[in-house]
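Peer 1: Got a predicted structure here, sequence first:
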Amino acid sequence: MASSRIGVALDLSPGSKYAGEWAFKHIVKEGDYLFCVIVSRRTRMEGETHLWGDYGSPLFHLPEFSSDGVLKNHGISPDWSTLCLLERAAHEKQIELLFKIYWGDAREVCDAVVDLPLDCIVLGSQGYGKPKRRSLGSVSNYVVNNAPCRVLVVNSPIYM
């Protein structure tokens with residue numbers, strides 16, 4: 001059976017962490033590729049990061065991604081519990097785990113779908129109510145309506 005290319009949008013919030021866990025339990029199977037897509041809100045890029053501004057970072061494997069130099073250079077605040085969870089799950093399911101970083105608005109997740117290309121993308125919900133979503137906009141709504149692949153929005157029990 002062919003392997004799937006599954007993306008999980010991670011902002012390292014409880015909602016995205018739950019979406020990652022959910023994807024491992026219910027979608028990812030042995031031999032799949034899991035792309036963790038991180039969008040850093042930092043807009044000003046310095047040094048080598050500036051080279052990839054429009055296209056996101058190169059792909060990183062977990063050991064390289066979790067090194068302090070990569071995280072610091074790309075403006076990412078690590079959530080070590082999420083990284084440990086991903087590492088353990090990737091080892092158990094025998095999947096290829098890769099990371100890609102984009103900069104700017106969280107809607108850049110749609111770029112990842114095209115760049116990588118993904119068969120599906122899994123997003124967590126922030127749990128905002130209708131009034132807050134109306135004023136701030138909904139990233140998941142934008143991705144559902146604009147991504148050229150299947151999109152799964154996972155509601156965390158934290159927000160239910």
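Peer 2: Arrived safely, thanks for sending.

Peer 1: C-alpha from now on. contacts and neighbour counts both.
Peer 2: Will do.

Peer 1: Give the buried residues for stretch 94-101.
Peer 2: 95, 96, 97, 98, 99, 100, 101 (16 or more other CA atoms under 10 Å).

Peer 1: Wait, residue 90 touches residue 84, no?
Peer 2: No. Residue 90 lies out of contact with residue 84 (CA atoms under 8 Å); the separation is 9.8 Å.

Peer 1: picking that back up, quick check, nearest of the buried residues of stretch 94-101 to residue 36?
Peer 2: Proximity of the buried residues of stretch 94-101 to residue 36 (CA to CA) peaks at residue 99, which lies at 4.7 Å.

Peer 1: element containing that closest one, please.
Peer 2: Secondary structure assignment for residue 99, by DSSP states H and E: strand 96-103.

Peer 1: Show residues contacting that strand.
Peer 2: Contact partners of strand 96-103, identified using CA atoms under 8 Å, 6 or more residues apart in numbering, comprise 31-43, 53, 55-62, 65, 74, 90, 108-109.

Peer 1: so of those residues, which ones are in strands?
Peer 2: Mapping the contacts of strand 96-103 onto strands (DSSP state E) picks out 33, 34, 35, 36, 37, 38, 39, 40, 60, 61.

Peer 1: From those residues, which one has the minimum pLDDT?
Peer 2: Lowest in pLDDT among the ones in strands among the contacts of strand 96-103 is residue 40, which has 77.

Peer 1: Apart from its chain neighbours, what residue comes closest to that residue?
Peer 2: Leaving out its chain neighbours, the residue that sits closest to residue 40 by CA to CA, 6 or more residues apart in numbering is residue 103, at 4.8 Å.

Peer 1: give me the number of residues near that neighbour?
Peer 2: Burial of residue 103 is recorded as 24 neighbouring residues (other CA atoms under 10 Å).
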